[in-house]
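Student: Provided below for reference: sequence and predicted model.
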Amino acid sequence: MTPRSVRITGWGMYAPERRLTNADLARVVDTSDEWIVSRTGIRERRIAARHETTATLAAIAGKRAIAVAGLEPDDIDVILVATLTPDYWMPSTGALVKEAIGNTRAAAMDIAAACSGLVYAYTVADAYLRSGMFKHALVVGSETLSRYLDFSDRGTCILFGDGAGAMVLSASDEEGGGMRGMELTTDPDGAYMIWLPSGGSRSPASGQTLARGEHYVRMEGKETYRYATKTMATTALKAIERAGWKPEEIDLFIPHQANVRIIESVAKGLGLPMEKMFVNLDRYGNTSAASVGIALAEAVDSGRIKVGDKIVLVAFGAGLTSGGIALEWTADPLNGKRAATVEPVATVREPLDWSSVDPIPDRLRQVLEGNAGPRVPLDDVVPGEPEPANRDEVLA
Ligand SMILES: CC(C)(COP(=O)(O)OP(=O)(O)OC[C@H]1O[C@@H](n2cnc3c(N)ncnc32)[C@H](O)[C@@H]1OP(=O)(O)O)[C@@H](O)C(=O)NCCC(=O)NCCS
């Protein structure tokens with residue numbers, strides 16, 4: 001039977017305890033707190049501890065969202081994890097999260113749409129539930145970006161942080177509520193504006209790719225900025241129009257938390273004041289697929305969202321992708337208090353015959369310990385264009 005509506009019934013977030021401030025970064029790359037705050041709005045970000053991974057972060061946020069929805073883990077029929085920093089290439093992080101939350105019956109998989117991933121995953125879950133195929137979906141955005149950053153590249157290492165944000169979507173017999181309009185875009189013209197060159201089939205990981213630092217995130221900051229300011233307002237507007245609403249009717253926007261100047265340009269593009277934009281990037285930086293989920297959970301729990309509100313989730317990211325969802329809020333915000341019953345602990349089983357390397361890269365460890373040595377001169381930063389892996393050499 002097809003439901004009358006599909007609604008958000010649970011929300012939750014988790015951010016690792018360890019904070020990395022702008023001042024900490026200024027000790028290792030040529031930057032300053034003043035530069036980072038004025039160009040991005042970011043003051044600090046969280047860094048996952050050694051025992052934490054994308055799956056454990058996702059499991060804690062997920063368990064919180066399930067508790068808020070008033071459900072048990074086994075009530076979830078499908079788990080979608082949006083991430084660009086999975087625990088492994090396979091199995092999916094979704095599969096690990098399923099075990100870690102104690103679910104025995106759900107289908108689980110990952111969604112790769114970079115920072116737009118959680119918005120994309122929401123639309124996939126919504127379609128499953130609207131069709132009547134499933135009743136409850138857990139949708140999580142989770143990232144441990146600190147393990148994929150070059151802490152000698154001031155253009156990227158200042159921007160990103162770790163964390164997870166989750167939602168439960170549930171099929172309902174009541175009319176109204178949930179997603180009313182959406183817009184998803186993918187523009188491969190910008191495929192190499194934000195990318196991670198090696199480790200995939202085009203350039204398998206090797207000693208050479210490692211030496212060239214091709215296992216780290218690369219980004220053309222200025223081009224990405226231009227794309228984001230051009231796309232985000234339009235994407236939000238299309239979702240709003242499809243809902244039959246006008247921008248001024250929206251109670252709160254939950255934008256991807258990349259840069260406060262980008263969020264300001266979205267507000268300007270829609271002719272709205274900044275009070276309509278939820279901002280928490282000062283405390284978390286850009287947590288990619290997790291950012292909209294963390295922001296939504298904080299917005300509800302801080303009293304910024306009430307029943308009947310019109311909300312817009314909007315994100316952009318590598319691909320280049322963008323996604324917007326215009327939705328009507330139906331859940332009692334006070335249910336958020338149930339998240340406190342979930343301890344911030346999750347364990348993902350490891351194979352018996354395998355011991356992984358230390359998950360904290362050397363330079364990040366030095367940054368965290370405050371002894372990374374002198375600041376990296378810019379000449380030493382890995383150059384922009386990576387060389388393709390030498391296939392002849394590999395095949396020889
Ligand atoms: C990265 C970003 C903050 C840079 O800000 P910007 O205002 O565009 O700065 P520019 O790149 O023009 O650099 C201006 C100067 O600051 C320098 N600079 C760059 N990063 C710096 C840093 N962390 N600290 C100090 N100076 C820095 C540049 O080298 C440049 O110096 P120059 O003029 O001597 O060449 C901005 O472009 C941005 O936010 N882009 C979008 C990134 C993003 O959102 N990515 C994720 C997508 S999901």
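Tutor: Arrived safely, thanks for sending. Residues are numbered from 1 along each chain as shown.

Student: list the contacts for the residue nearest to Thr321 when sequence neighbours are not counted?
Tutor: If the residues on either side of it in the chain are set aside, Thr321 comes closest to Ser116, at 4.1 Å by Cβ to Cβ, 6 or more residues apart in numbering. No exception for glycine: its C-beta is placed from N, CA and C like everyone else's. Ser116 is in contact with 184, 256, 289, 315-317, 319, 321-323, counting by Cβ atoms under 8 Å, 6 or more residues apart in numbering.

Student: Ok, Leu270 next?
Tutor: By Cβ under 8 Å, 6+ apart, Leu270 lies in contact with 233, 236-237, 247.

Student: tell me the phi and psi of the closest residue to Ala205 other than its chain neighbours?
Tutor: With sequence-adjacent residues excluded and distances taken as Cβ to Cβ, 6+ apart, Ala205 is closest to Gly199, at 4.7 Å. When quoted as degrees, to the nearest 10, the phi and psi of Gly199 stand at phi 110, psi -10.

Student: didn't Gly199 look like it was pressed against His215?
Tutor: Yes - under the criterion of Cβ atoms under 8 Å, Gly199 makes contact with His215 at 5.8 Å.

Student: if I look at Asp282, how far off is Gly181?
Tutor: Separation of Asp282 from Gly181 (Cβ to Cβ, to the nearest Å): 30 Å.

Student: Equivalent analysis for Val78, please.
Tutor: Distance from Val78 to Gly181, counting by Cβ to Cβ: 23 Å.

Student: Of these two, which one has the most company?
Tutor: Taking other Cβ atoms under 10 Å, Val78 and Gly181 do not tie; Val78 has more neighbours (23 against 17).

Student: Quick one: residues contacting the more buried one.
Tutor: Under the criterion of Cβ under 8 Å, 6+ apart, the neighbours of Val78 are 106-108, 125, 128, 134, 137-138.

Student: go with 6 Å
Tutor: Residues near Val78 by Cβ atoms under 6 Å, 6 or more residues apart in numbering: 106-107, 128, 134, 137.

Student: any idea which of those residues is closest to the ligand?
Tutor: Of all these, Ala137 has the smallest distance to the ligand: 24.3 Å, by Cβ to the nearest ligand atom.

Student: So what's the residue count around Glu343?
Tutor: Using other Cβ under 10 Å, Glu343 has 9 other residues around it.

Student: can I assume it sits in a helix?
Tutor: No - applying DSSP: H, G, I helix; E, B strand; the rest coil, one finds Glu343 to be coil, outside a helix.

Student: and the gap between it and Lys268?
Tutor: Glu343 sits 42 Å away from Lys268, taking Cβ to Cβ as the criterion.

Student: next one: Ala26
Tutor: Ala26 sits 30 Å away from Lys268, going by Cβ to Cβ.

Student: Of these two, which one has the most company?
Tutor: Counted by other Cβ under 10 Å, Ala26 and Lys268 do not tie: Ala26 has more neighbours, with 18 against 13.

Student: count of neighbours near the nearest residue to that one once chain neighbours are set aside?
Tutor: Spatial nearest neighbour of Ala26, excluding adjacent residues (Cβ to Cβ, 6+ apart): Ser32 at 5.3 Å. Using other Cβ under 10 Å, Ser32 has 12 other residues around it.

Student: Which residue, neighbours along the chain excluded, lies closest to the residue of the stretch 151-300 of the chain found nearest the ligand?
Tutor: Closest to the ligand within the stretch 151-300 of the chain is Gly221: 3.0 Å, counting by Cβ to the nearest ligand atom. Leaving aside its chain neighbours, Gly221 sits nearest to Gly155 (5.3 Å; criterion: Cβ to Cβ, 6+ apart).

Student: from memory that neighbour sits against Lys222, does it?
Tutor: No - counting by Cβ atoms under 6 Å, Lys222 is not a contact partner of Gly155; they are 9.6 Å apart.

Student: Looking at those two, which one has more neighbours?
Tutor: Here Gly155 and Lys222 are compared on neighbour count by other Cβ under 10 Å; more neighbours surround Gly155, at 18 against 10.

Student: Give me the phi and psi for that one.
Tutor: Note on Gly155: backbone dihedrals following degrees, to the nearest 10 are phi -70, psi -20.

Student: just Tyr225 next, same as before
Tutor: Phi and psi for Tyr225, reported as degrees, to the nearest 10, are phi -60, psi -50.

Student: Could you tell me how many residues sit around it?
Tutor: A count of nearby residues for Tyr225, using other Cβ under 10 Å, gives 18.

Student: what's the answer for the one 3 residues further on, then?
Tutor: The local packing of Ala228 (other Cβ under 10 Å) involves 25 other residues.

Student: What parts of the stretch 251-396 of the chain come near the ligand?
Tutor: When proximity is defined as Cβ under 6 Å from any ligand atom, the stretch 251-396 of the chain approaches the ligand at 258-259, 286, 317.

Student: Farthest-apart pair in the residues you listed, please.
Tutor: Across these, no pair lies farther apart than Asn259 and Gly317, at 12.5 Å, counting by Cβ to Cβ.

Student: Between the two, which has more neighbouring residues?
Tutor: Set Asn259 next to Gly317 and count neighbours by other Cβ under 10 Å: Gly317 wins out with 28 against 22.

Student: burial measure for Glu174, as a count.
Tutor: Neighbour tally, Glu174, other Cβ under 10 Å: 11.

Student: can you check the one 3 residues further on too?
Tutor: Other residues near Gly177 come to 20 when the count uses other Cβ under 10 Å.
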